[in-house]
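Asker: Show me how the following folds:
(2 chains)
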Number of protein chains: 2
Amino acid sequence: MSDPRESGGIDGQAMRRLLDGRWGAIRDRAREVLRGPDFAPVYGLGVEEHRSRVTDQLHALARTEIPTYGFSSAHGGADDIGASVVAFEMLVCDMSLMVKVGVQWGLFGGAIQALGTEAHHAEYLPKVMSVEVPGCFAMTETGHGSDVQRLRTTATYDPDTDEFVVHTPDEAARKDYIGNAARDGRVAVVFAQLITDGQEHGVHALVVPVRDAAGEAMPGVRIEDCGTKAGLNGVDNGRFWFDRVRVPRTSLLNRYGNVDSDGVYSSPVENPNRRFFTMLGTLIRGRISVAGGAGTAAKAALAIAVRYGEARRQFDRPGGDGEVRLLDYLAHQRRLLPALATSYALHFAQEELVSALHDGAQGPALSDHDQRELESRAAGLKAVSTWHATHTIQTCREACGGAGYLAENRIPQLKADSDVFTTFEGDNTVLLQLVGKSLLTNYRDEFGSLDTLGMARFAAGQFFETVIERTAARSLIERLVSAAPGRGEEADLLDRGWQCKLLEDREAHVLEGLAKRLRRSSAPGVDAFDVFNDAQDHVLLAGRAHVDRIVLEAFVAGIERAEDEGVRTVLNQLCDLYALSVIEADRAWFLEHERLTPARAKAVTATVNDLCKRLRPHARDLVDAFGLNDEWLAAPIALGAEDARQEEQRCAGAPVAAG
Amino acid sequence: MSDPRESGGIDGQAMRRLLDGRWGAIRDRAREVLRGPDFAPVYGLGVEEHRSRVTDQLHALARTEIPTYGFSSAHGGADDIGASVVAFEMLVCDMSLMVKVGVQWGLFGGAIQALGTEAHHAEYLPKVMSVEVPGCFAMTETGHGSDVQRLRTTATYDPDTDEFVVHTPDEAARKDYIGNAARDGRVAVVFAQLITDGQEHGVHALVVPVRDAAGEAMPGVRIEDCGTKAGLNGVDNGRFWFDRVRVPRTSLLNRYGNVDSDGVYSSPVENPNRRFFTMLGTLIRGRISVAGGAGTAAKAALAIAVRYGEARRQFDRPGGDGEVRLLDYLAHQRRLLPALATSYALHFAQEELVSALHDGAQGPALSDHDQRELESRAAGLKAVSTWHATHTIQTCREACGGAGYLAENRIPQLKADSDVFTTFEGDNTVLLQLVGKSLLTNYRDEFGSLDTLGMARFAAGQFFETVIERTAARSLIERLVSAAPGRGEEADLLDRGWQCKLLEDREAHVLEGLAKRLRRSSAPGVDAFDVFNDAQDHVLLAGRAHVDRIVLEAFVAGIERAEDEGVRTVLNQLCDLYALSVIEADRAWFLEHERLTPARAKAVTATVNDLCKRLRPHARDLVDAFGLNDEWLAAPIALGAEDARQEEQRCAGAPVAAG
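Answerer: A predicted model of the protein is given here:
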C-alpha cells in the first residue's frame, strides 16, 4: 500500500486494478488479443472495405475463447455473462466491431439462448460462437422501434404443413436497421405476431434462414441495404421483407410460448402482457452492453483530449512564463474534469450492474421486484451513459480544436459511431420514462393510494427505505447518510453523507410529487394521455434523479474497494467532483425546493472549480488508469506529436530572419 | 393583412418574407440557382470524388453574379457585403460548398480586399471572383490557432533582391487546416511575422504562389493533405511548409503596413498591437458568415425533425385513439420547440448583425467603440449560433431515432459538417471570453476604477444606458422595460419588458461582479494569470449573458417589422418561448441572485411547457417559413415517406393471418 501523495502521482497500477475490477482478467485478455495491424483503428475506408475488415476481425475473435463467455457450458460456452459484457465493452479499437460482436454473440446468439430451448441451443449455439452461422436480430421494423408490442410482421401457423408462415404485410412492417442483414447474415431471429387458428398470441421470435450457403437471399426474402450511416459503417445494416416465407414449427423459439403439432398454443406465462415483458426482460444484456460500450468510447475520447490538453499550449502566461497548457485554464478543466469524474462514476455503476446481471443469471430466478429493479437500472444506466458519451465526446472534440476534427485523431470516428447508442437498444427518452414508471410502481406497491396506512408508514420514515432502494454499499451509505447533518444545518459540501442524502431527497421528493400529481389528475373525465403527457418532464426527471443517486452510491462502493490510500484520496476528490457536478447541474431544483440556499448554491460552483484545480495534476494518471491500449487511442495528438512540436519550437526560439 | 388565427395556420408567405428580410432577393436568387442534380445533396462519396464535385459547383457559382456581392464595384464587384454573407448562409445543399465558397470569396478574396491596396485589387479580385485563381487563407499554424499574434512563419525582407523570404522555421509553424490547400489552391494569403533589417513588425499578410499553372507545388513550398475529416470532406484542407520562398516586395498586402524599396517599414497605425487588431478586425465577415451558416444547418435539421415528428407515430393513445404523433409528446416538443424558437431569435440577431456589418462598411470608418461593439457582437453571436447548431442538430438526430442516423436522411452530414464551426473562425470559448473582456473594457471606460465619480454615475442609474448598450429596437425596448414592473413586484412571465429587464439585469450584475472581483484581486503580489483564470467561468458567463440579451432584443425588433397580425401573434409566442427558455436554462442564477422566487422559477418551467403546447400546431409552418428548398432537405423522412407508410399501414389494418 503506497502512501497518499499530496502532489505526486497516484499509483497507476493500483488505480487500474481497481477499475479493472471483477473481470480484470477479461480486460487483460482483450488488451492482449486486440493488438496489431488487424485490429488497429483505421479511417477513411469505403463502406464495403470497412465491412469486410470488420467481418474478418469477427472471425479472428471467433478463434479465441471470447465468444464462449456468454453461452451455456452445456454447449461449449463459459457460462460467464459478466465476461461477455466486459469483453464487449473493450472493443473500442473499432466500434463497428463492437456492434458486430454484439449482434452476433449478444443479440442473435443471446436471443436463441434466452428464448429458445434445448434443441435450438444444441443446433445453433456452437455455430453462433464459431460464426459458422452469422445471424441477425430482426426485431425493429420501420414503423415500430420503441413500441415492440406493436410489431406488424406476422408468423401464422399452418396446421396443414406444420409450418409457420412469416409475412411482411406492409412497408411499415419491414424489418429495418438490422445489423448483419445487408451482407453477412444467414439466419435471423425474427420477431413477429404469432397467430394460430386466427388467434393472436403477441410477439414471439422465430429462427428464419435469410440467405443460402451461397449468400443468396432465400426464396420469399427480400433484403435491402440501409446504406451509408453517420457511423458504424463497418456494420452491414439492412432491411428484410418476408413474402409468406415458410419455416418449420420448430423454428419458434419456444421457451415462453409453444405451438404443438395440433396447432395449440401454450405458455408458462399466462398473461400475454406479462409474457411479452418476460421475453423482453431476458434481453437486457444488450442494453447493459451498450451502456458499457458508450462508457469506453467516452473514456477513449477523454484520454485523447486530456493528453492533448496536457501537452498543448496557447497564449502567453502574463508575466512571461511561456505559453499556458490548455489544461491549466479553468474553462478547459471545467469541460473535461467533471466529465472525467462522471466517467469514473459510471464505470463503477456499470460494474455493479454487470455483477447484478451476472449473479442474477447464476442463481434462482429473480423475484418480480428484483427483476424490475434490474431492468430499470439497465434502462436508466443505458440512457445516462450513452448521453454522457455523446456529450463528452463532443466536448473532447471541441477541446482538441481543429485537431479533434481530423480523422487521424480518432475522435470523429468515436463520435460518429457512438452517436446511435442514445437511440438504439431502447431510445433514451423512452428508457428514462420506463425508469420513472418503474419507480412509480414501487411507490404504489408500498404506499398504495397514500391512504391512512400509507401516510402513517410514510410519516414513520419508511419512505427512504422502501422507495429509495440502495443498490450498492447499503450499510456504508446508510451510515454516511445517518451521520450527515439534517436539513437546515450547515453541512460541509464535501460530506459524502450529505451529498448522498441530497440526491436521495431529490429522488424521493420528485417521485412523491409525481405520484401526487398523477393521482390528483386522475379524476373522471380527464384524458389519461393528457395527464401523463403533461407530466412527462416530471417522469423523466424522476428517472434521472434515480440514476444520479444510484451512480453516486456505486462510486462510494467502488472507493471502499480501494486498498491504496493514495488511490482512495484521489477517488474521493473525484467522487466529490461527480456529486457536486450533478448537484450544480440541477441546483435550480435544489434552490426551488429550498434544499440549497442561494449562498450554498454559489458555494457548490466555487467548490467544483476548486476540485477541478486540485484534480488537474492527476488528470493524465486518471485517464491512463482506464487501461486503454495506446494503439486503440491511435491519435497522434495523444501520443506525443504535440509534445514533439513543442520541444522543437522551444529549441527554435523566437522568430528570426531567414534568408 | 390576414387576421390572427387562433388555431388555424399562419400566413406562411408573410412569415417567410419577414424572415427573408433585407436581403430577401438574394435568398430567392440562391433558391433558384441551387437547384437540380448538380447541387442536390449527396452522400457516401469518396473524398476525392466529393472534392471534385464541390470544385465543379464552385465554378458553376462563379458563372453567376453571386461571387461579386462581396467585392468592390471598382473591380467588378457589387459592393454588397450583406448579400455576400446572406448568400453564403444559403449554401446548405452541401456545407462543403459553403465552406469552399467561404474560403475562396470570403477569406482569400476578402483578405486581399481588406488588407491589400489598389494594385492587389486590380491584379487579383477579378480572378478571385472567376476562380481563375483559386486561393487559400493561410493563417492558422499547427502550433498557433487562437493565438494569431504568436504565429511563427516569417517573412523577412531582403534588400539585395527587393524580395520577402517566407519561411517555416519549425513544425509548429507549418500552416495547417488550410482550405483549398490540398488540391486546388494556386495562391495563398500567408500570415507571417514581418521582419525588416532584423526588426519585427508583427503579423502581416503576403500573397504567395503555392502551385504553378500545372498544379505542381512551387519550388520551396511543401504541401500535405490533412486527409479525412469528421465532415466537410468536399473541402481540400491541407498544410504548407515554406522553405525560404522568395516573393516580390509588392506581395505584401500593405494597407496597414508597408515596406518601401529601401526596406523601411511604415504603417498608418503606429501601435503594433493596435495595428494587429485593426488588421484582424477587417476579417470579421468570416465569423459573421459562420454564424449564419451554422444557423442554416440548424434550421435544416429542425425542418427535417419537425416534419418527421409531425408524421411519425409511436405508442397507442390510451383510450384507443390510434398511435400518438411524436410531436404530441411533451418531451418531444421540449426537445424541438425551444430550439426552434432559438433559431428564430438567432435569425433576427444575425440579420441585425449583417446589417450592422454592411452599413458599417458603407459609411465612414467606425469609432473605436463601435468597431469593438461590432467585433464583440460578431464573436458572441458566432459562439452562440454555432453551439446552438451543434446542440440542435444532435437533438434532431436523436429525435429522428434510427432514421436520423441514416445518411439518406441528411442529418448525419449536417451534423458532421457543422461540427467544426464551434472551433474554426475563432474557438467559441476564446470568442465568448473576448466578449466578456470587451464588456469589461466598456465598463472601465465608463466607470473607471469605480471611484467616487464613477460610483455617483452608477448610482444615478446611468449604468444600464452605458454598459447595457442596445443594438436593436432601442426606443421600443426602452419603453417595454420602463413599463415593466419593478424588482419584487409580480410581473406576468409573458411581459416582454420584464423578460428584457431580467436579462439586462443579469448581464449588468454579472459584469459588475466580475469587474469588482478582478479589481479586488489585483493586489500586489497576486499572480495576474491566476486571478483572471480563477474568474474565467465568470468571464464566459458575462459574455453569454450579453449575447442572450442582444438576441432577445433582436427578436423583439424583428416582430416589430411583422405586418401580418397572425404572424405577429405566433412570433410573440415564439419570442416568449425563447426568452423563458433562456431564463429557465439559467434559472439557478436568477434564484441565487434572488431575481426569481422558487415559486416563480417553477412557474417559468410550467410556462415553457404551456408555450410548447400552444406552438405545437404551428411547428410545421414555422420550419417551412425558413424557405429551405425541399431538395436541400432531401431526407425521405421529411418528404412524405413516413406519411406514405402510415397511410399504407392504416389501410392494411391489424395483423391478419397470412398463408
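
Asker: mind checking which helix or strand A:Val166 is in?
Answerer: Per DSSP states H and E: A:Val166 is located in strand A:163-167.

Asker: what about that strand, near chain B?
Answerer: Yes: looking at strand A:163-167 against chain B by CB under 8 Å from any CB of the partner chain, the contacts come from A:Val165, A:His167. Heads up, the C-betas are built off the backbone N, CA and C, glycines and all.

Asker: doesn't A:Phe71 make contact with A:Ala122?
Answerer: No: in this structure A:Ala122 lies outside contact range of A:Phe71 using CB atoms under 8 Å: 11.8 Å.

Asker: can you tell me if stretch A:26-44 touches chain B.
Answerer: Yes: using CB under 8 Å from any CB, stretch A:26-44 reaches chain B at A:Tyr43, A:Gly44.

Asker: if we can go back for a sec, packing partners for the strand holding A:Val166?
Answerer: Judged by 3 or more CB pairs under 8 Å, 6 or more residues apart in numbering or on different chains; DSSP states H and E, strand A:163-167 is in contact with strand A:154-158, strand A:199-209, strand A:245-248.

Asker: Mean confidence (pLDDT) on the helix or strand that comes right after it, please.
Answerer: Per DSSP H and E, strand A:163-167 leads on to strand A:175-178 as the next helix or strand towards the C-terminus. Strand A:175-178 shows a mean pLDDT of 98 in the predicted model.

Asker: same thing with stretch A:96-110?
Answerer: On average, stretch A:96-110 scores 98.

Asker: Check which residues of it are buried.
Answerer: A:96-110 (16 or more other CB atoms under 10 Å in any protein chain shown).

Asker: returning to what we had before: tell me which of the helices and strands packed on strand A:163-167 is the most buried.
Answerer: strand A:154-158 (a mean of 24; mean count of other CB atoms under 10 Å in any protein chain shown).

Asker: same for that strand, what does it pack against?
Answerer: Counting contacts by 3+ CB pairs under 8 Å, 6+ apart, strand A:154-158 packs against strand A:163-167, strand A:187-196.

Asker: is the longest one anywhere near chain B?
Answerer: To tie it back to what came earlier, the one meant is strand A:187-196. Yes: counting by CB under 8 Å from any CB, contacts between strand A:187-196 and chain B involve A:Gln193, A:Ile195.

Asker: The residue nearest to A:Pro248 when sequence neighbours are not counted pairs with what?
Answerer: Closest residue to A:Pro248 apart from its sequence neighbours, by CB to CB, 6 or more residues apart in numbering or on different chains: A:Glu163 at 5.9 Å. Note on A:Glu163: beta-bridge partners by DSSP bridges are A:Asp158, A:Pro248.

Asker: Am I right that A:Glu163 is in contact with A:Val245?
Answerer: No: A:Glu163 is beyond contact range of A:Val245, at 9.6 Å (criterion: CB under 8 Å).

Asker: what would the helices and strands packed on strand A:154-158 look like in JSON lines with mean neighbour count and mean pLDDT?
Answerer: As requested, these are exported to JSON lines (neighbours: other CB atoms under 10 Å in any protein chain shown; pLDDT from 0 to 100):
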{"stretch": "strand A:163-167", "mean neighbour count": "24", "mean pLDDT": "98"}
{"stretch": "strand A:187-196", "mean neighbour count": "25", "mean pLDDT": "98"}
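
Asker: my read: A:Arg152 touches A:Pro169, true?
Answerer: Yes: if you go by CB under 8 Å, A:Arg152 and A:Pro169 touch, sitting 5.8 Å apart.

Asker: Compare these two (neighbour count), which wins?
Answerer: The neighbour count for A:Arg152 versus A:Pro169, taken as other CB atoms under 10 Å in any protein chain shown, is higher for A:Arg152 (23 against 20).

Asker: Report pLDDT for that one.
Answerer: 97.

Asker: now do the one 10 residues further on
Answerer: For A:Asp162, the model assigns a pLDDT of 98.

Asker: Also A:Asp147?
Answerer: As predicted, A:Asp147 sits at a pLDDT of 94.

Asker: so what's it up against?
Answerer: For A:Asp147, the contact set (CB atoms under 8 Å, 6 or more residues apart in numbering or on different chains) comprises B:Gln314, B:Phe315, B:Asp316, B:Glu323.

Asker: Output the helix or strand where the second one lies as PDB, restricted to C-alpha atoms.
Answerer: Looking back up the chat, that one is B:Phe315. According to DSSP H and E, B:Phe315 maps onto strand B:313-316. In PDB, the C-alpha atoms belonging to strand B:313-316 read as follows (Å, rounded to 0.1, in the frame of the first residue of the first chain):
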ATOM      1  CA  ARG B 313     -46.400   7.900 -34.600                       C
ATOM      2  CA  GLN B 314     -45.400   5.600 -31.700                       C
ATOM      3  CA  PHE B 315     -47.300   4.000 -28.900                       C
ATOM      4  CA  ASP B 316     -51.100   3.900 -28.700                       C
END
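
Asker: any idea of the mean pLDDT for the helix or strand just after it?
Answerer: Once the chain leaves strand B:313-316, the next helix or strand it forms, by DSSP H and E, is strand B:323-325. The average pLDDT within strand B:323-325 is 95.

Asker: After strand B:323-325, which helix or strand is next?
Answerer: Downstream of strand B:323-325, the first helix or strand assigned by DSSP H and E is helix B:330-362.

Asker: Check the offset of that following helix from the chain's centre.
Answerer: In terms of CA atoms, centre = their mean, to the nearest Å, the centre of helix B:330-362 is found 10 Å from the chain centre.

Asker: what's the answer for stretch A:538-547, then?
Answerer: Worked out by CA atoms, centre = their mean, stretch A:538-547 lies 17 Å from the chain centre.

Asker: Contacts for that stretch next, please.
Answerer: Residues contacting stretch A:538-547 (CB under 8 Å, 6+ apart): A:376, A:380-381, A:383-384, A:429, A:431-437, A:439-440, A:503, A:506-507, A:510-511, A:513-514, A:517, A:532, A:589, B:331.

Asker: Just the C-alpha atoms of it, please, in CSV.
Answerer: Only the C-alpha atoms of stretch A:538-547 are listed here, as CSV (Å, rounded to 0.1, in the frame of the first residue of the first chain):
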residue,chain,number,x,y,z
HIS,A,538,-41.6,15.2,-14.4
VAL,A,539,-41.4,11.5,-15.1
LEU,A,540,-38.1,11.9,-16.9
LEU,A,541,-36.7,13.9,-14.0
ALA,A,542,-37.7,11.2,-11.6
GLY,A,543,-35.8,8.7,-13.8
ARG,A,544,-32.8,10.9,-14.0
ALA,A,545,-32.8,11.6,-10.2
HIS,A,546,-32.9,7.9,-9.5
VAL,A,547,-30.0,7.1,-11.8
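
Asker: Name the residues of it that come out as buried.
Answerer: By neighbour count on 16+ other CB under 10 Å, the buried set for stretch A:538-547 is A:His538, A:Val539, A:Leu540, A:Leu541, A:Ala542, A:Gly543, A:Arg544, A:Ala545, A:His546, A:Val547.

Asker: Show me those residues that map onto helices.
Answerer: A:His538, A:Val539, A:Leu540, A:Leu541, A:Ala542, A:Gly543, A:Arg544, A:Ala545, A:His546, A:Val547 (DSSP state H).

Asker: Using a markdown table, please lay out those residues together with pLDDT.
Answerer: Output for those, formatted as a markdown table (pLDDT from 0 to 100):
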| residue | pLDDT |
| --- | --- |
| A:His538 | 96 |
| A:Val539 | 96 |
| A:Leu540 | 97 |
| A:Leu541 | 98 |
| A:Ala542 | 97 |
| A:Gly543 | 97 |
| A:Arg544 | 98 |
| A:Ala545 | 98 |
| A:His546 | 97 |
| A:Val547 | 98 |
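
Asker: Nearest to chain B among those?
Answerer: The nearest member of these to chain B, counting by CB to the nearest CB, is A:Leu540 at 6.3 Å.

Asker: so how far is whatever helix or strand A:Val582 lives in from its chain's centroid?
Answerer: Here A:Val582, judged by DSSP H and E, is contained in helix A:565-585. In terms of CA atoms, centre = their mean, the centre of helix A:565-585 is found 22 Å from the chain centre.

Asker: So which elements touch the helix or strand following it?
Answerer: Heading C-terminal from helix A:565-585, the first helix or strand you meet, by DSSP H and E, is helix A:587-592. Helix A:587-592 is packed against helix A:496-520, helix A:598-615, helix B:587-592, helix B:598-615, with contacts defined by 3+ CB pairs under 8 Å, 6+ apart.
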